[in-house]
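1. Pasting the sequence and the predicted model now:
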Amino acid sequence: MKYVVFVSHGTFAPGLHSVLKMLAGGEREDILSASMEDGMGADVFTQRFQKAIEAIKQEDEIILLADIIGGSPLTNALDVLSQKGLLGRTRAFGGMNLPMALTASMMKDGMNMDALADGMLQESRNAIQEMELNMAEEEDADI
């Protein structure tokens, strides 16, 4: 099985997980999350992460999405995966956002990991743009 796992500072990972439940078919055993909340030490996060990934087996693959590269949630998650012998079956990404997470969750079973990674990164990049607001049209509409 391919798992999508979110890790973050604060409540970003569980929040994103919650949104995916709405958009990707409710509760799914292949989507997991763990967060490092304010004041939480690395040891507590590590325990939380270990509990979150209990179901993952040696033959499974992991798509690990984190809020930032080099952050404590990601580095501690990678340490745990390494200790469990799962690092070689993991692809890790920073800068997670909803389009990236949705692509990973919905497309993971129909693509090889390289194609999936390319698609996730492309969807993520495409989603980042400024919305152009035309204030003149809005003012005219009020008259």
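-> Sure, I can see it.
2. Sheet-wise, list the partners of the strand with the most length in the chain with their directions.
-> Ranked by number of residues, the top strand in the chain under DSSP state E is strand 2-9. If you go by DSSP bridges, strand 2-9 pairs up with strand 31-36 (parallel), strand 61-66 (parallel).
3. and residue 92, that's in a helix?
-> No. With DSSP: H, G, I helix; E, B strand; the rest coil as the criterion, residue 92 is assigned strand and is not in a helix.
4. Let's have the strands paired with strand 2-9 in a markdown table, adding mean pLDDT, mean neighbour count and distance to residue 2.
-> (Glycine included, C-beta is placed from N, CA and C.) Putting the strands paired with strand 2-9 into a markdown table (pLDDT from 0 to 100; neighbours: other Cβ atoms under 10 Å; distance: least, Cβ to Cβ, whole Å) gives the following:
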| stretch | mean pLDDT | mean neighbour count | distance to residue 2 |
| --- | --- | --- | --- |
| strand 31-36 | 96 | 23 | 10 |
| strand 61-66 | 98 | 23 | 5 |
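5. any chance of those in JSON lines, with distance to residue 43 too?
-> Formatted as JSON lines, the strands paired with strand 2-9 follow (distance: least, Cβ to Cβ, whole Å):
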{"stretch": "strand 31-36", "distance to residue 43": "11"}
{"stretch": "strand 61-66", "distance to residue 43": "19"}
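6. what's the weakest-modelled helix or strand in the protein?
-> Taking mean pLDDT, DSSP states H and E as the measure, helix 135-142 is the helix or strand of the chain with the lowest mean score, a mean of 65.
7. just to revisit the earlier point, any idea which of the strands paired with strand 2-9 gets closest to residue 13?
-> Residue 13 lies closest, by Cβ to Cβ, to one member of the strands paired with strand 2-9: strand 31-36, at 4.2 Å.
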